[in-house]
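Trainee: For reference, the sequence and a predicted model appear below.
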Amino acid sequence: MKITAESVYADVARIREAAPLVHNITNYVVMNTTANALLALGASPVMAHAEEEVEEMTGIAGALVINIGTLSRLWVAAMFRAVRRAGELEIPLILDPVGAGATSYRTRTCRDLIEYAPPAIIRGNASEIMALTGQGTQTKGVDSADPSAAALEAARRLNEETGGAVCVSGEVDYIVDGEGVIRIENGHPMMGKVTGLGCTATALCGAFAAVNRSFQEATAGAMAVMGIAGEIAAEHAEGPGSLQVAFLDALFCFSEEDLKGRLRIGVGS
Amino acid sequence: MKITAESVYADVARIREAAPLVHNITNYVVMNTTANALLALGASPVMAHAEEEVEEMTGIAGALVINIGTLSRLWVAAMFRAVRRAGELEIPLILDPVGAGATSYRTRTCRDLIEYAPPAIIRGNASEIMALTGQGTQTKGVDSADPSAAALEAARRLNEETGGAVCVSGEVDYIVDGEGVIRIENGHPMMGKVTGLGCTATALCGAFAAVNRSFQEATAGAMAVMGIAGEIAAEHAEGPGSLQVAFLDALFCFSEEDLKGRLRIGVGS
Amino acid sequence: MKITAESVYADVARIREAAPLVHNITNYVVMNTTANALLALGASPVMAHAEEEVEEMTGIAGALVINIGTLSRLWVAAMFRAVRRAGELEIPLILDPVGAGATSYRTRTCRDLIEYAPPAIIRGNASEIMALTGQGTQTKGVDSADPSAAALEAARRLNEETGGAVCVSGEVDYIVDGEGVIRIENGHPMMGKVTGLGCTATALCGAFAAVNRSFQEATAGAMAVMGIAGEIAAEHAEGPGSLQVAFLDALFCFSEEDLKGRLRIGVGS
């Protein structure tokens, strides 16, 4: 197995050394927290969404993160400009389909983006990933002993379509690519009570992708660091307020020992 | 008196069990903090403002919260679409008239919204509530022994107009409806030094209204939980930074004992 | 030397007494944190960006802060309306040229704003200040023993053009006006790992300018309070998450003793 505490930490060290610029076109709710997480880990975040400048900004970035959490028409237009530029320059594109399936506008925008420019990494929860392959309504109400099976199948289809890594995040994070499935089993339940930690995971995928062009490794590394920082934070937290604070501190102080002592990784679904 | 620690806690328990979706069309400043407060209490926040999707999002929500803190034309258009949909589906509408009276655009937008779709709950400070009944300029400079008298009179008029509950928040929170006035006397002065706690109170009104269709009870419950969580937080805080963190922790850990030991409620103005 | 711990604290006391309204047209990333910093220090923040209301809002403010961190067309239009109104009413205008030099849209917008309405205070880092005088590309790659020399020269040129104070912030903050250069040497390296503390410094310049029309003094005071609050916070912080929290607490608790014991100020470059 090639993903180890050492290999993930090597990516963290590269991020800290290179401080790659991660261009985010993301939602209003999480801009501050994702910028802080990228800074705490060692990357350089920038948020820019105007059609007048997105191509220029993407052009100097090491990765482009698109997050559709608070969409509107002008932002979508800017997203298309940015992803085209990223494609031209072979800058990794990371997509977070926040709320895909909840409204048709979100589902359709994600589908249009994916067809226009296949993302290097897509990260979402099970219902979002399923919505991207049109399975949103069909799977609802189906009694499945293992709801993640349908999501993994959707992730496989998306991987076949895009050629990129697809992460279904949840209690266990599954990262699917053509080579197979990697499981990251780190994290803490209280993380679900802090808004934007999923979006933060996606932003960190951008930092990892900027320094590691094996996108399954990059995604696994980002999810492992997220989960471990969340575990460390939960040990110091009395609730989601202090968890968020301690999480940023944990990213800043993140060490190879944190990875060696805590990484829970597996192969296969 | 029907509002008690037990009745308020019953609503908290219902929120935690049902995790109602609260659709917020709110201002940029507080999106993150209100989403975190809703999550910490047990509700499910969503922020969406595009005309393309607001009706669909409102349609799956348990309450709609409209907050005009950072208005602009496209957002106002989306607000009208969302409130119409809420009206059609009898989804409770909660309005926060942030800065009404400060500019005519804010006052006029609130008036237009209220006349278009009467809110189940309006929550604002005294000057905002007075601005909604055209008393903004008249009351300035009037030497009144009790400035809250004019605000309460404005709240009564708004209640007559809308049929909904109207909350004038401040050191004491007054909740007016056709049945009379309820006072909540919880809270801490340092809360005024954290941006967006008023907006957070309004968002929590949305969570309570989603599980309790007596809107005066829902509002009183939300204001009581806000005030008590603020008191608990202030005991652990050295300033507004740590107050905000401890406030979210207190919402997350909120117990029936917190209510029994601290609720200060009264009837009449 | 006229700027002393006593003179800076006198401005802090004036801010706390007058609670001046600071109108911010700023970026999405930092709205919450700059509002909280202004509140913690004692000022009254308001964010408003709609063309329909910015002139009215600026008209009741004590200072106008323009920050171009997440520009778009409609926001730029509103900025021009607001700065014109500020000029008419002699309300101090403070400009933060976030990312000037990174894209031509940012550089051009800043230049247009400066030529349309000369700011009382401009605060940026060295590369931003240099970009405003067209030195962005020329200085890159030049081997200078002292990179700040070029930035200081750019600040002097901007001061000649605008007549206002120009702050080049960094490990040492230089505040340039026609009278000469003041250095503030407070601060902590970890502050660079919290998003928006530069923007917060600019917002605090607005609060100081609202109570002190000597703009070099106002800027020096704001930068000193920023740096000292950051030093105090760093003593209590384990990373950038807790630094941000402790920073707001330090602003709220800020005392004359903090200034007397810590202020590091000098004259000349």
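Mentor: Done, it's in.
Trainee: Going by C-alpha atoms from here, please, whenever you check contacts or count neighbours.
Mentor: Will do.
Trainee: so after the helix-or-strand element of chain A with minimal mean pLDDT, what's the next helix or strand?
Mentor: In chain A, the helix or strand scored least confidently by mean pLDDT, DSSP states H and E is helix A:136-139, which has a mean of 48. Later in the chain than helix A:136-139, the nearest helix or strand by DSSP states H and E is helix A:147-162.
Trainee: ok, residues contacting that following helix?
Mentor: Residues outside helix A:147-162 that contact it (Cα atoms under 8 Å, 6 or more residues apart in numbering or on different chains) are A:114, A:118-120, A:126-127, A:129-130, A:132-133, A:135, A:139, A:165-168, A:174, A:176-178, A:269.
Trainee: so which of these also contact chain C?
Mentor: Among those, proximity to chain C is found for none (Cα under 8 Å from any Cα of the partner chain).
Trainee: which among these end up buried?
Mentor: A:114, A:118-120, A:126-127, A:129-130, A:132-133, A:135, A:139, A:165-168, A:174, A:176-177 (16 or more other Cα atoms under 10 Å in any protein chain shown).
Trainee: could I have whichever strand or helix holds A:Leu259 exported to CSV, CA atoms only?
Mentor: Per DSSP H and E, A:Leu259 falls inside helix A:256-262. What follows is helix A:256-262, C-alpha atoms only, in CSV (Å, rounded to 0.1, in the frame of the first residue of the first chain):
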residue,chain,number,x,y,z
GLU,A,256,4.3,13.4,11.4
GLU,A,257,3.7,11.9,14.8
ASP,A,258,0.0,12.9,14.6
LEU,A,259,-0.2,10.8,11.4
LYS,A,260,1.9,7.9,12.6
GLY,A,261,-0.2,7.5,15.8
ARG,A,262,-3.6,8.0,14.3
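Trainee: Please state the mean pLDDT value computed over the lengthiest helix in chain A.
Mentor: What stands out as the longest helix in chain A, according to DSSP state H, is helix A:215-236. Averaging pLDDT along helix A:215-236 gives 98.
Trainee: Distance of the nearest residue in space to A:Tyr9 that is not next to it in sequence relative to A:Asp11?
Mentor: Closest residue in space to A:Tyr9, ignoring its immediate chain neighbours: A:Glu256 at 5.7 Å, by Cα to Cα, 6 or more residues apart in numbering or on different chains. Applying Cα to Cα, to the nearest Å, the value for A:Glu256 to A:Asp11 is 11 Å.
Trainee: more neighbours, those two?
Mentor: A:Asp11 (21 against 15; other Cα atoms under 10 Å in any protein chain shown).
Trainee: Just the C-alphas of the helix or strand hosting that one, formatted as PDB.
Mentor: Element membership for A:Asp11 (DSSP H and E) is helix A:5-18. What follows is helix A:5-18, C-alpha atoms only, in PDB (Å, rounded to 0.1, in the frame of the first residue of the first chain):
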ATOM      1  CA  ALA A   5       1.800   8.200   7.300                       C
ATOM      2  CA  GLU A   6       5.200   9.100   5.800                       C
ATOM      3  CA  SER A   7       3.800   9.700   2.300                       C
ATOM      4  CA  VAL A   8       0.900  11.900   3.600                       C
ATOM      5  CA  TYR A   9       3.300  13.800   5.800                       C
ATOM      6  CA  ALA A  10       5.600  14.300   2.900                       C
ATOM      7  CA  ASP A  11       2.700  16.100   1.100                       C
ATOM      8  CA  VAL A  12       2.100  18.200   4.200                       C
ATOM      9  CA  ALA A  13       5.800  19.200   4.200                       C
ATOM     10  CA  ARG A  14       5.600  20.100   0.600                       C
ATOM     11  CA  ILE A  15       2.500  22.300   1.200                       C
ATOM     12  CA  ARG A  16       4.300  24.100   4.000                       C
ATOM     13  CA  GLU A  17       7.400  24.600   1.900                       C
ATOM     14  CA  ALA A  18       5.800  25.700  -1.400                       C
END
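Trainee: which other helices and strands contact that helix?
Mentor: helix A:31-41, helix A:197-211, helix A:215-236, helix A:256-262 (3 or more Cα pairs under 8 Å, 6 or more residues apart in numbering or on different chains; DSSP states H and E).
Trainee: if you set the cut-off to 7 Å instead, what comes out?
Mentor: Judged by 3 or more Cα pairs under 7 Å, 6 or more residues apart in numbering or on different chains; DSSP states H and E, the packing partners of helix A:5-18 are helix A:197-211, helix A:256-262.
Trainee: Quick one: distance of the first one to the chain centre.
Mentor: In terms of Cα atoms, centre = their mean, to the nearest Å, the gap separating the centre of helix A:197-211 from the centre of its chain is 5 Å.
Trainee: re earlier: please list the members of the buried ones among the contacts of helix A:147-162 that lie in helices.
Mentor: A:Ile114, A:Ala126, A:Ser127, A:Ile129, A:Met130, A:Thr139.
Trainee: Let me see the contact set for the second one.
Mentor: Looking back up the chat, that one is A:Ala126. Contacts of A:Ala126 were listed using Cα atoms under 7 Å, 6 or more residues apart in numbering or on different chains, and they are A:Ser148, A:Ala151, A:Val168, A:Ser169.
Trainee: Please repeat the previous calculation with a cut-off of 6 Å.
Mentor: A:Ala151, A:Val168 (Cα atoms under 6 Å, 6 or more residues apart in numbering or on different chains).
Trainee: What separation do you get for the residue nearest to A:Tyr9 and chain C?
Mentor: 17 Å (Cα to the nearest Cα, to the nearest Å).
Trainee: swap in A:Gly206?
Mentor: Taken as Cα to the nearest Cα, the span from A:Gly206 to chain C is 17 Å.
Trainee: and the closest residue to that residue other than its chain neighbours, backbone torsions?
Mentor: Spatial nearest neighbour of A:Gly206, excluding adjacent residues (Cα to Cα, 6+ apart): A:Ala63 at 5.4 Å. Main-chain torsions, A:Ala63, degrees, to the nearest 10: phi -160, psi 150.
Trainee: For A:Ala63, give the beta-bridge partners.
Mentor: As for beta bridges, A:Ala63 partners with A:Val22 under DSSP bridges.
Trainee: Any stretches of the stretch 1-150 of chain A with poor pLDDT?
Mentor: A:1, A:136-147 (pLDDT under 70).
Trainee: Just the angle for the helix or strand hosting A:Gln244 relative to helix C:240-252, thanks.
Mentor: Using DSSP H and E, A:Gln244 sits within helix A:240-252. Comparing the axes of helix A:240-252 and helix C:240-252 via axes from the mean of the first three to the mean of the last three Cα atoms, to 10 degrees yields an angle of 120 degrees.
Trainee: I'd assumed A:Asn27 was in contact with A:Thr70.
Mentor: Yes. Using Cα atoms under 6 Å, A:Thr70 makes contact with A:Asn27 at a distance of 4.9 Å.
Trainee: Of those two, which one has the most company?
Mentor: Taking neighbours as other Cα under 10 Å, A:Thr70 and A:Asn27 compare with A:Asn27 leading, 24 against 19.
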